[in-house]
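> sequence first, predicted coordinates after that:
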Amino acid sequence: DGGITQSPKYLFRKEGQNVTLSCEQNLNHDAMYWYRQDPGQGLRLIYYSQIVNDFQKGDIAEGYSVSREKKESFPLTVTSAQKNPTAFYLCASSMRRWGASQPQHFGDGTRLSIL
Amino acid sequence: ILNVEQSPQSLHVQEGDSTNFTCSFPSSNFYALHWYRWETAKSPEALFVMTLNGDEKKKGRISATLNTKEGYSYLYIKGSQPEDSATYLCAFHTTYNFNKFYFGSGTKLNVKP
């Protein structure tokens, strides 16, 4: 079945540690996204990528980094510079069709907590 | 950052009730509005993509309307069932940044049997 796989489901980070959240899709989508959700808030965009080897900062990119070396994969690293990393992280992907807005497909999310 | 408001934040209804909720967004530079359903322990699932002013979309007992001039969309559920219990999210994007979506915080619907 086609879909998006995020791993791990739960992740714990120690102070000063970088952690990487995995996101893989087999939908052949060009665009991929990372969102963060905090209690009572909407999804906020961290980074997005429209094509391999290219990505742009979203609204809350500070303290995060990404790479897009393969079409299928868009890992997110939460660095030690991110002072409040405890949140729920969602990865999404969509097709790119000029002139037509495409729905996003989401993974199941990763919940990150500070130890 | 563009502001997307959803109301109410939560809603409790009885099985069989019809219900509706609102998504408000900036009306300038509008490109498209999406509705998603997010059930507990699952991933969000797309319901509708709406682009034209006056658009109406329907999927079973769920329908949505769009007013781009005044910046709002309504989602209606007719004869709510317990399986409709979920958080309903709206997201929109603009003509000047096609790939950047702005999400509301959602309306959490609980349908009691």
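Nice, thanks for sending it over.

> quick check, pLDDT for the spatially closest residue to residue A:35 that is not a sequence neighbour.
Of all residues not flanking residue A:35 in the chain, residue A:43 sits nearest, at 4.0 Å (CB to CB, 6 or more residues apart in numbering or on different chains). The C-beta positions use only the backbone N, C-alpha and C, and glycine is treated the same way. What the model reports as pLDDT for residue A:43 is 92.

> end to end on stretch B:39-55, go ahead and measure it.
Start-to-end span of stretch B:39-55 (CA to CA, to the nearest Å) is 25 Å.

> correction: the previous question concerned stretch A:76-86.
Start-to-end span of stretch A:76-86 (CA to CA) is 14 Å.

> sorry, back to before: got the contact list for the residue nearest to residue A:35?
For residue A:43, the contact set (CB atoms under 8 Å, 6 or more residues apart in numbering or on different chains) comprises A:35, A:36, A:37, A:90, B:89, B:91, B:103.

> surely residue B:73 meets residue B:57?
No - contact criterion CB atoms under 8 Å: residue B:73 and residue B:57 do not qualify, at 9.8 Å.

> and the one helix or strand residue B:46 maps to with chain A, contact?
Counting by DSSP states H and E, the element that carries residue B:46 is strand B:45-50. Yes - Strand B:45-50 is in contact with chain A by CB under 8 Å from any CB of the partner chain, via B:45, B:46, B:49.
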